[in-house]
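> model the following, please.
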Amino acid sequence: MGRSDPQYICTNCGYEGNPVSYTPGSFWLELALWIFFILPGLIYSIWRLSARKKVCPKCKSPNMILIDSPIGKKLHKEHVSGLLEEWHKEHPDN
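Alright, predicted model coming up:
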């Protein structure tokens, strides 16, 4: 059995899963700068690539931590208990 990817939790919204790569700026602006102005296009491309980061796919926050860390475990526990409370409010018969 292979090793699974580490799981993360967002400290901002509680999303659990893997972060996604986010590149700031605009592809279309980058393309236009390359077509019309080579040096600004190069500078803009370097900036976009150097500013790339992993973010939460739900809220786009860069604050995702490993779920196995002490803070991650605490957030997971709080998030799960909050979901259970919501579920019991919506389903009072159960």
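> so where's this structure uncertain?
Low-confidence segments of the chain (pLDDT under 70): 1-6, 81-88, 91, 94.
> now the strands for it?
Per DSSP state E, the chain carries strands over the ranges 8-10, 16-17, 20-22, 53-55, 64-66.
> off-centre distance for the first one?
Pointing back at strand 8-10 there. For strand 8-10, the separation from the chain centroid amounts to 8 Å (computed by C-alpha atoms, centre = their mean, to the nearest Å).
> repeat for stretch 16-33
The answer for stretch 16-33 is 13 Å, by C-alpha atoms, centre = their mean.
> one step back: just the strands of the chain: most buried one?
Mean neighbour count, computed with mean count of other C-beta atoms under 10 Å, is highest for strand 8-10 among those, reaching a mean of 23. C-beta: built from backbone N, CA, C; applies to glycine.
> ok, Y22 touching V55?
Yes: with contact defined as C-beta atoms under 8 Å, Y22 reaches V55; the gap is 4.4 Å.
> residues contacting Y44?
Taking C-beta atoms under 8 Å, 6 or more residues apart in numbering, we find Y44 in contact with 25, 29-30, 33.
> 6 Å - rerun?
Counting by C-beta atoms under 6 Å, 6 or more residues apart in numbering, Y44 makes contact with 30, 33.
> still on that earlier bit, K77 is nearest to which of the strands of the chain?
strand 8-10 (10.4 Å; C-beta to C-beta).
> re earlier: how about JSON lines for the strands of the chain, with distance to D93 added?
Formatted as JSON lines, the strands of the chain follow (distance: least, C-beta to C-beta, whole Å):
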{"stretch": "strand 8-10", "distance to D93": "31"}
{"stretch": "strand 16-17", "distance to D93": "28"}
{"stretch": "strand 20-22", "distance to D93": "38"}
{"stretch": "strand 53-55", "distance to D93": "39"}
{"stretch": "strand 64-66", "distance to D93": "36"}
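> so which of the ones you listed is nearest V80?
Of all the strands of the chain, it is strand 16-17 that lies closest to V80, at 9.2 Å by C-beta to C-beta.
> who touches the closest one?
With contact meaning C-beta under 6 Å, 6+ apart, strand 16-17 is reached by I9.
> all set, thanks.
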